[in-house]
Every structure is written in C-alpha cells, then in structure tokens.
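> Okay, here's the prediction I keep looking at, along with the sequence it came from:
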Amino acid sequence: MNLILLFDDDFTADAARVRLTGRRLRHLQEVHRASVGDTLTVGRVNGAMGTGIILSMDKSGVEMAVTLNEAPPAPLPLTLILGLPRPKVLNRVVIAATSMGVKRLVLLNSVRVEKSFWHSPRLSEENLRDQMTLGLEQAKDTQMPELLLKKWFKPFVEDELSELAQDTEKWVAHPYDAQACPMNTQRPTTLIVGPEGGFIPYEIDKMKEVGFHAVSMGERILRVESAIPALLSRLFPA
Ligand code: SAM
C-alpha cells in the first residue's frame, strides 16, 4: 500500500482528521510498522492526495491528522473493454488496470466467456470496489474507475459501443489479420481485449462494423493479464 485511500466515512467531525480500523489499521501496524508521529501518504477517494500524521494508534484504530493538497496523477485517456476473465483472474486484472490509470473499465460478455463467470461473487459491487481500491493504493492514485458490466454482447456493440467510443481511436487487440499495435498514441482511445478464449470471427466483424481495427502485439499469444500491461505500455508509455 503506497497510499492510504480515505473514504468519506473515515473523516471525523474535524474535517482534517480521520480514524481508520480494519484492513488499513492492520496494514499500518504489520507492514509499515508505523508508530505515533509517523507521516504517511494518503488520498481522499476521488479527491486530493497529501500526508497523514499518526496522532494515536492502538488495537481498535488509528487516528491521523491529514493535509490534502496534491492532485492525483492524470488518468489514461482510455476506455478498456475486456472480455470477462475467469473469476480467478478477474481480481488481478482489475487491480492491474486500475493501477495503470484506467478510469473506465467495461467487462463484456462474449461467446467464449463461460456463463457461470457472470454468477461469481467476485463480480459484486463490493468486491470490484475493493480490488479497485487496492489498485489505487498500489499506484498512489485516488480517482476510482467507473466499472460497467455488459452481459449482452450484440446489443452492447450495436447500440452502445459507437457512443462510448465516440471521438476515440478504436482498437481491438486480436493478433490475426491485424496491423501492428500503434506506439505512444497519447490520443483518447477505446481498446478491446478478448476473453481467455479470444473473440470469435463474428464478434470481431461486429466490432469492425462500428469502426474498430484489429491490432497485434506480435505472433506470441499472451495471457490476458500479460496482454493488458503490454498493450497499455505500448499505447501510453510513461
Ligand atoms: N486462443 C485465444 C486466441 O487465439 O484468440 C487466446 C486469447 S488471449 C489469451 C486473450 C486476449 O489477449 C486476446 O483475445 C487478445 O485480445 C489479447 N492478446 C493476446 N495476445 C495478443 C497479441 N499477441 N496481440 C494482440 N492481442 C493479444
């Protein structure tokens, strides 16, 4: 945890103080081995970042005086649309995308997504928010991504995708009959990454109908969790 993310409920009656319990308290005690007087990096969700000085700490909670006066990092100008990964992979992918600066993430159905994946408890609002929190804490960021679940491929692509991707570069990562993935575009972009089984030709054709072009990272087929950082680093190098 490189930044402690603060939520509205953490603030006490004094707006410059917070009280934390649970996971963040344990992390401060067990990982940071923090003590009274220590200064830590903090940030308010969807707000500014700054510092927190520990005023008191015991088994029941930690109280900090916070100063929030720094802007969080600029978001990536990217909407990332992902074929819904297996539940086992989902958390890792959401954390990674969040920590790389993705601010709009769409999880999309596809023929090669098993139906049971949509019933996973990992798709609960609470779990997804927890994973995005971990990603923000990792990256020292405060802006919570917007996460959309799209369970119906055809209506999404036919009725919503054009508007969602309006005025952006439109790429679908698909290493067959594709152009090389652009480098350092820095342009507003909508990027679609397939599920673990990849997209079927019909799905690629539907995306092409609304202006998407297939892009490749080379002949090696990467796992979703490798393909995402590889694609983002290439499109938006730091
Ligand atoms: N058997 C599937 C196939 O051949 O399409 C593998 C899918 S791969 C595990 C999951 C997704 O990662 C792909 O649908 C694609 O979006 C992306 N991907 C993986 N390797 C890629 C590459 N070399 N170039 C572009 N995209 C890639």
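Received the coordinates, thanks.

> what about residue 158, distance to the ligand?
Distance check for residue 158 against the ligand: by CB to the nearest ligand atom, to the nearest Å, it reads 20 Å. Using the backbone N, CA and C atoms, a C-beta is placed for each residue, glycine as well.

> can you pull the contacts of that residue?
Shown here is residue 158, whose contacts under the criterion CB atoms under 8 Å, 6 or more residues apart in numbering are 206, 210.

> for it, helix, strand, or coil?
When classified by DSSP: H, G, I helix; E, B strand; the rest coil, residue 158 comes out as helix.

> Could you check the pLDDT of it?
Looking at residue 158, its pLDDT reads 97.

> how close does it get to residue 146?
22 Å (CB to CB, to the nearest Å).

> and the gap between the residue lying closest to residue 122 once chain neighbours are set aside and residue 140?
Spatially, and ignoring its direct neighbours in sequence, residue 122 is nearest to residue 87 (4.6 Å; CB to CB, 6 or more residues apart in numbering). Residue 87 sits 28 Å away from residue 140, going by CB to CB.

> Pull the contacting residues for the closest residue to residue 147 other than its chain neighbours.
Leaving aside its sequence neighbours, residue 147 sits nearest to residue 105 (CB to CB, 6+ apart; 5.0 Å). Listed by CB under 8 Å, 6+ apart, the contact partners of residue 105 are 79-82, 94, 97-98, 145-148.

> let's go with 10 Å and repeat that
Applying CB atoms under 10 Å, 6 or more residues apart in numbering to residue 105 gives the contacts 78-82, 93-94, 97-98, 128, 132, 145-149.

> now do residue 131
Contact analysis of residue 131 by CB under 10 Å, 6+ apart lists 90-98, 122, 147.

> Please name the nearest non-neighbouring residue to the most centrally placed residue in the chain.
Against the mean C-alpha coordinate of the chain, by CA atoms, centre = their mean, the closest residue is residue 98 at 2.4 Å. In space, and not counting its chain neighbours, residue 98 is closest to residue 135: 2.7 Å by CB to CB, 6+ apart.

> what's the domain layout of this protein?
Using automatic domain parsing, the domains assigned to the chain come out as 4-70, 78-235.

> which one of these is the most hemmed in?
Greatest average neighbour count among the domains of the chain goes to domain 78-235 (a mean of 17), per mean count of other CB atoms under 10 Å.

> Show me what the helix or strand harbouring the residue nearest to residue 147 pairs with in its sheet, parallel or antiparallel.
Per DSSP states H and E, residue 105 falls inside strand 104-108. Its sheet considered, strand 104-108 pairs with strand 78-83 (parallel), strand 146-150 (parallel) by DSSP bridges.

> and that strand, how far from the chain's centre?
9 Å (CA atoms, centre = their mean, to the nearest Å).

> Pull it out as CSV, backbone CA atoms only.
Extracted in CSV, the C-alpha atoms of strand 104-108 (Å, rounded to 0.1, in the frame of the first residue of the first chain):
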residue,chain,number,x,y,z
ARG,A,104,-13.3,3.4,-17.4
LEU,A,105,-13.4,-0.4,-17.5
VAL,A,106,-16.1,-2.4,-19.2
LEU,A,107,-16.5,-6.2,-18.6
LEU,A,108,-18.1,-7.7,-21.6
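
> quick one: the closest residue in space to residue 198 that isn't next to it in sequence and residue 231, what's the gap?
Using CB to CB, 6+ apart and skipping residues adjacent in sequence, the residue nearest residue 198 is residue 112, 6.3 Å away. Noted for residue 112: a distance of 19 Å to residue 231, by CB to CB.
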